[in-house]
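**Q** Predicted coordinates and the sequence they were generated for:
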Amino acid sequence: MNPYIANTPEDVRLMLEAVGARAIDDLFVDIQPRQSPRSFDLPAGLSEYEVVRHISALSLKNMVGPVPFMGGGYYDHYVPAACSALISRGEFYTAYTPYQPECAQGTLQALYEFQSCICALTGMEVANASLYEGGTALYEAMMMAVRLTGRKKIVIDGGVSPIYRKILDSYTHSLHIVFVEVPVAHGQADRAALVQALDDQTAALILQNPNFFGTIDDHTDIIEKAHACGALVIESVYPVSLGLLKTPAEMNADIVTGEGQSLGLALNFGGPYLGFMATRKKFIRQLPGRIVGETVDAQGRRCFVNTLQAREQHIRREKATSNICTNVALCATQATIFMSLIGRQGLRQLAQLNLDKAEFLKSRLSALKGVEVKRSAPTFNEFTVRLPRNANDVIEAMMARGFAAGFPLGRYYKGMDDYLLIAVTEKRTRDEMLAYCQALAEVLGV
Amino acid sequence: MKLTFEQSAAGRQGVKLPASDVPVKVVLAAKYVRANAAPLPEMSELDVVRHFTRLSQRNFSVDANFYPLGSCTMKYNPKFTEKLAGLSGFADLHPLLPQLRGGEKYAQGALEVIYECERWLCEITGMKAYTMQPLAGAHGELTGIMLMAAYHKAKGNTNKKFIIVPDSAHGTNPASAAVAGYSIISVPSDKRGVMDLAKLKAVLTPEVAGLMMTCPDTHGVFNPQIDEISRLIHSVDGIMYYDGANLNAILGRARPGDLGFDVVHLNLHKTFATPHGGGGPGSGPVGVTEKLEPFLPISRVVKRADGVLALDYNHADSIGYIASFYGAFGIILRAYAYMLILGREGLKQTADHAVLNANYLLHKLKGHYQVAFDRVCMHECLFSASKQLERGVHAIDIAKFLIDRNIHPPTVYFPLTVKEAIMVEPTETESRETLDEFAAAMIEAAELAQKDPEVFHFLPRTMPISRPDETKAAREVKVNFFA
């Protein structure tokens, strides 16, 4: 019995008769006997209840209990119930790419609103309808800069997520792209070293704000220097922080990308997530991925369509701006619902709340002997502390006390084994933070 | 319909945030702060719920409409898999947890889902190993081509420049190969709809790095000579790449690995019934045979001798990171649940009924529409509106006629090899009655094309909008409410 197949034995008989075949096997005549599977050794099917029981049991083998203070670009924000309820609607959930605009105005308008929200956040002129995730979005932005400038050198700030930097590395291995990585100085972009690295061969300077260590910056000065060399500037951003922080447009960045998980998506063990990309209008023909545009129908009514498709693989094939086909429309819709719920004032409040709570924990931790809070630059909702011993040892001991204490920077940075990256969202309460400090004091014996 | 921004009223807010419980109010230096608040819409929760509910009602979807979009496999998406993906143990699991020292112990359930899914896919496709990381089919293609490049580099095959694709291939195939730095050779199909073997032989040189093929191909035909093609490509140390877009047709009937393919990408949103979501998120796992395994992306999920699952980054020949984490986990989980419920027999049945349904439609419609290839088809059947074109009616006009019948149109104008192509993929989840209704509508359209072809230009009539002006959209680019 298969609950997802409607054909009964009688249907099968009637259909085979219509087709003129004796058995379903006859329809597979093109597969030669020698091409049959050498093995197809799989278990028998289960009932829905049995699968639910099995997978629910697996879910309990994951540790989601400890109070989370871990970020690294992926944050434990609250997801309003309306977000999940609305995207569960079959009309969004089980539709596909809007190839036929007359019967896909729901998806198309939602994506147009998404693009507009991303422009509102970043201050940029145009945005696409989403990319897979923040890391691959940054790769697409880099390739866009290479196409626009005809240059092949990339200067990248050491504050850009090390995970993203590893992705860029793999993709450009065979494309003869030269990477110059400039370590941060006192938590922020190292102006002098970056200027030295920039030259007339540089396609792009890649920056991140807030950077991986949590510090915020105003990149206006360094962006001006990059432009003087004819390089483009790509800024990777954390959308919730843009409730308060200076926009990449105000800093005069050319291409903006980011991870949209914080806009109403669950952590989901790494995906599906939401990459986004925005840029200047004059660069739109080099923007990868789907773009939804406004137009009118035959009666002059406003409507929305996939536009500028001449950039895309299904038209241009090997000459396309990117190989991307599917984006993450459902995640983009979810983020649009979130941004519509939170609104103009709400996003500012949310950002302020994150900032204030993180600052509270920072000040409390400063009071702990042996914990050195890095204070050279301002931070948003995440910050770096130096511990008197290996961060992994501390994390393990904190886990036993019910806290996911943070992310050990030594995982991606040499010589930083004692450093811990701590994130605080609006969900963390004063009591949880005080208990965190208490537990850390116990662990450190101070 | 109004945009959210047009419904906005200053002071409304749809989420109540917790009050601050800390005695801190940070004022950042002015140079770090944006001049004006981000102009997001300001709406109450009901405003937002009603807006997006109404938007959803302007979509066709599998849940509400027959959706025979060829090559996209719009099968039914079981409801229980969505519920499972929402379980807190998965939804709230931070992806960096297993990267802590010894941190794999915090994510054993999630790692088991990935590990088991890889094992199922290995057996289904005859591959040695999988990576679940690629985030869509095209992402899987790019990963597969990077694996191919790494293989040739490791073997010192410095002369490899070309990748062969059939003319019937998806656009992503040549685009992915080009992004990875290869040049493309396109090989035409023969009269049966499969790759022309003589023409393939004519372009085969030692400079060929590999061949990318969908099997059955986008003509809905299984190439009986596929193993001969594999032999030819392997004779120049080329790599056989399987585009898994159509794996759903041959589940349990043939396996890419047994047919000579070395690398496979699958689309979990096609064969394994995960939601298409209006255009993603997808998931494009990549499988390989032994000779490509050393190059797979990191991390890899491994089972240690003590039975504990762990992330393994220690692969010197790996192509590296291709995504931030371990794949579109929520999608992988849904596909895993789908495989568990169907099992061996159920998976094979999906292919059997997908092929039966497609052949049934082929026979019902072939007297009314030109058939692209008059032979038994696999999971999709391909027509041309060439007869209707004689009366001035195009494939797109037939598509718009169907919209008025509450049927999502088939894929039109693809593959590019067939003039006025209409590609119908009914999938196994549709009933005979639904297929009969679709066939009746298609036949009615064919008859109307003979009687009154003019009327098509004004279709559809029943939707919230009529045909959009796509030229205007491209010329007067407006993609942002604010600019």
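**A** Sure thing, it's come through.
**Q** in what helix or strand does residue A:385 lie?
**A** Using DSSP states H and E, residue A:385 falls within strand A:382-386.
**Q** Quickly check: stretch B:169-182 near chain A or not.
**A** Yes. With CB under 8 Å from any CB of the partner chain as the criterion, chain A is reached by stretch B:169-182 at B:170-172, B:174-181. Bear in mind the C-beta positions are built from the backbone N, C-alpha and C, glycine included.
**Q** mean confidence score for that stretch?
**A** pLDDT averaged over stretch B:169-182 equals 88, rounded to a whole number.
**Q** what does it contact?
**A** A:143, A:174-175, A:312-320, A:322-323, A:325, B:71, B:137-138, B:141-142, B:144-146, B:148-149, B:160-163, B:165, B:184, B:186, B:209, B:212-214, B:217-218, B:243, B:245 (CB atoms under 8 Å, 6 or more residues apart in numbering or on different chains).
**Q** Sketch out the low-pLDDT regions of the stretch 101-250 of chain A for me.
**A** A:174 (pLDDT under 70).
**Q** Okay, the residue of it at minimum distance from chain B and residue B:118: tell me how far apart.
**A** The stretch 101-250 of chain A approaches chain B most closely through residue A:170 (3.3 Å), counting by CB to the nearest CB. From residue A:170 across to residue B:118, the span is 20 Å (CB to CB, to the nearest Å).
**Q** Domain map for chain A?
**A** Following automatic domain parsing, chain A resolves into domains at A:9-59, A:67-77+A:348-444, A:81-338.
**Q** Just send those domains back as JSON lines, with mean neighbour count too.
**A** Converted to JSON lines, these look like this (neighbours: other CB atoms under 10 Å in any protein chain shown):
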{"stretch": "domain A:9-59", "mean neighbour count": "15"}
{"stretch": "domain A:67-77+A:348-444", "mean neighbour count": "20"}
{"stretch": "domain A:81-338", "mean neighbour count": "23"}
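**Q** for the closest residue to residue B:221 other than its chain neighbours, what are its contacts?
**A** Closest residue to residue B:221 in three dimensions, ignoring its sequence neighbours and counting by CB to CB, 6 or more residues apart in numbering or on different chains: residue B:193, at 4.4 Å. The neighbourhood of residue B:193, defined by CB under 8 Å, 6+ apart, consists of B:168, B:217, B:219-221, B:372-373, B:375, B:382.
**Q** Do a quick rundown of the strands in the stretch 51-200 of chain B.
**A** According to DSSP state E, counting those that start in this stretch, the stretch 51-200 of chain B carries its strands in the segments B:129-131, B:162-166, B:183-187.
**Q** Please convert those to TSV, extending it with mean neighbour count and distance to chain A.
**A** Below are these laid out as TSV (neighbours: other CB atoms under 10 Å in any protein chain shown; distance: least, CB to the nearest CB, whole Å):
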stretch	mean neighbour count	distance to chain A
strand B:129-131	25	12
strand B:162-166	25	9
strand B:183-187	18	5
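**Q** export these to TSV and tack on distance to residue B:292?
**A** Formatted as TSV, the strands of the stretch 51-200 of chain B follow (distance: least, CB to CB, whole Å):
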stretch	distance to residue B:292
strand B:129-131	8
strand B:162-166	15
strand B:183-187	21
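**Q** wouldn't residue A:358 be in contact with residue A:382 here?
**A** Yes. Using CB atoms under 8 Å as the test, residue A:358 is close enough to residue A:382 to be in contact (6.7 Å).
**Q** Now for those two: what residues contact both?
**A** Common contacts of residue A:358 and residue A:382, defined by CB under 8 Å, 6+ apart, comprise A:214, A:422-424.
**Q** tell me the mean pLDDT over stretch B:233-241?
**A** Mean predicted lDDT for stretch B:233-241 stands at 98.
**Q** Distance from the chain centre to it, please.
**A** 25 Å (CA atoms, centre = their mean, to the nearest Å).
**Q** Please spell out which residues along it are buried.
**A** Neighbour counts using 16 or more other CB atoms under 10 Å in any protein chain shown place B:233, B:236, B:238-241 of stretch B:233-241 among the buried residues.
**Q** quick one: the longest helix along chain B to chain centroid distance?
**A** Determined from DSSP state H, the single longest helix within chain B is helix B:329-365. A distance of 15 Å separates the C-alpha centroid of helix B:329-365 from that of its chain, computed with CA atoms, centre = their mean.
**Q** Sheet-wise, list the partners of the following helix or strand past that helix with their directions.
**A** Once the chain leaves helix B:329-365, the next helix or strand it forms, by DSSP H and E, is strand B:370-371. As defined by DSSP bridges, the strand partners of strand B:370-371 come to strand B:381-384 (antiparallel).
**Q** quick check: mean pLDDT across the strand it pairs with?
**A** Averaging the model's pLDDT scores along strand B:381-384 yields 96.
**Q** Just the C-alphas of it, formatted as PDB.
**A** Only the C-alpha atoms of strand B:381-384 are listed here, as PDB (Å, rounded to 0.1, in the frame of the first residue of the first chain):
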ATOM      1  CA  CYS B 381       5.700  12.800 -22.600                       C
ATOM      2  CA  LEU B 382       6.700  15.400 -25.100                       C
ATOM      3  CA  PHE B 383       4.500  17.100 -27.600                       C
ATOM      4  CA  SER B 384       4.800  19.900 -30.100                       C
END
